[in-house]
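1. After the sequence you'll find the predicted model.
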Amino acid sequence: MRIISGLARPTRGTVSLLGSTDLRAMLSDVGYMAHAPLLYDEMTGLENLRYFASLYGAIDEDRLRAAIRSVGLDPALERYVGQYSQGMRQRLSLARATLNDPKLLLLDEPFSNLDPQSSKAMAKLLGEMRDAGRTILVVTHQAVHVAEIADESVWMSAGKIAAREPGIRAAEMAGRA
């Protein structure tokens, strides 16, 4: 995940992303949600998004409001992020990952510390984003949350692929063909 997101360089081998091996050129098509939300508690959700958008040099208030609404949060909510529940923090972090309207979303443990209701809401959001045409790579220890929306599941052990199979959704789609 760190290599694909541009946060680390490979020590050997190559990575092809969206048909290109020039990862730097592809970074504008990638959204990354780290395991930790990495938000500023003393800012509101909209202020957080505005700050991160400024790092890209592109603050579009309509886009910021659309991103925050897309994850089920109210852009007018004036509460500081420090007062958000864990589920709200995770959703805001997901909104931040979508600010650049990426083709590929990389999500590291998006269900971490979420209650069952928030986990279902997050899985529903991810399913909607997938249905809208985004490719989503989720790394999780809680595979049950993505079982019904995954096109494919890959299990890793000791850094190697241990198993690979179509997801429930992919199997259902194949059965309809």
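-> Done, it's in.

2. which residues touch the helix or strand hosting residue 64?
-> Using DSSP states H and E, residue 64 falls within helix 61-70. Under the criterion Cβ atoms under 8 Å, 6 or more residues apart in numbering, residues 45-46, 49-50, 53, 74-75, 92, 95-96, 98-99, 101, 125 lie in contact with helix 61-70. Just so you know, the C-beta spots here come from the backbone N, C-alpha and C atoms, and that holds for glycine as well.

3. Flag whichever of these scores worst on pLDDT.
-> By pLDDT, residue 75 ranks lowest within the contacts of helix 61-70, coming in at 82.

4. Run a quick neighbour tally on that residue.
-> Counted with other Cβ atoms under 10 Å, residues neighbouring residue 75 total 16.

5. again with residue 147
-> When neighbours are counted by other Cβ under 10 Å, residue 147 registers 13.

6. Doesn't it belong to a strand?
-> No: the assignment for residue 147 is coil, going by DSSP: H, G, I helix; E, B strand; the rest coil, so no strand is present there.

7. ok, it touching residue 140?
-> No: counting by Cβ atoms under 8 Å, residue 147 stays clear of residue 140, with 10.5 Å between them.

8. Go ahead and flag the most central residue of the protein.
-> In the chain, the residue lying closest to the centroid (Cα atoms, centre = their mean) is residue 107, at 3.9 Å.

9. Poorly predicted segments of this structure, please.
-> Within the chain, the stretches with pLDDT under 70 are 168-177.

10. Give me the contacts around the longest helix belonging to it.
-> Identified as the longest helix of the chain according to DSSP state H is helix 116-131. Here helix 116-131 makes contact (Cβ under 8 Å, 6+ apart) with 70-72, 85-87, 90-91, 94, 98, 105, 107, 110-111, 114, 136, 138, 142, 145-146, 148-149, 151.

11. Please repeat the previous calculation with a cut-off of 7 Å.
-> Outside of helix 116-131, the residues within contact range by Cβ atoms under 7 Å, 6 or more residues apart in numbering are 71-72, 87, 90, 94, 105, 110-111, 114, 136, 145-146, 149.

12. Next, the angle from it to helix 61-70.
-> If you take axes from the mean of the first three to the mean of the last three Cα atoms, to 10 degrees, helix 116-131 sits at 130 degrees to helix 61-70.

13. what's the first-to-last distance across stretch 98-109?
-> Using Cα to Cα, to the nearest Å, one end of stretch 98-109 lies 16 Å from the other.
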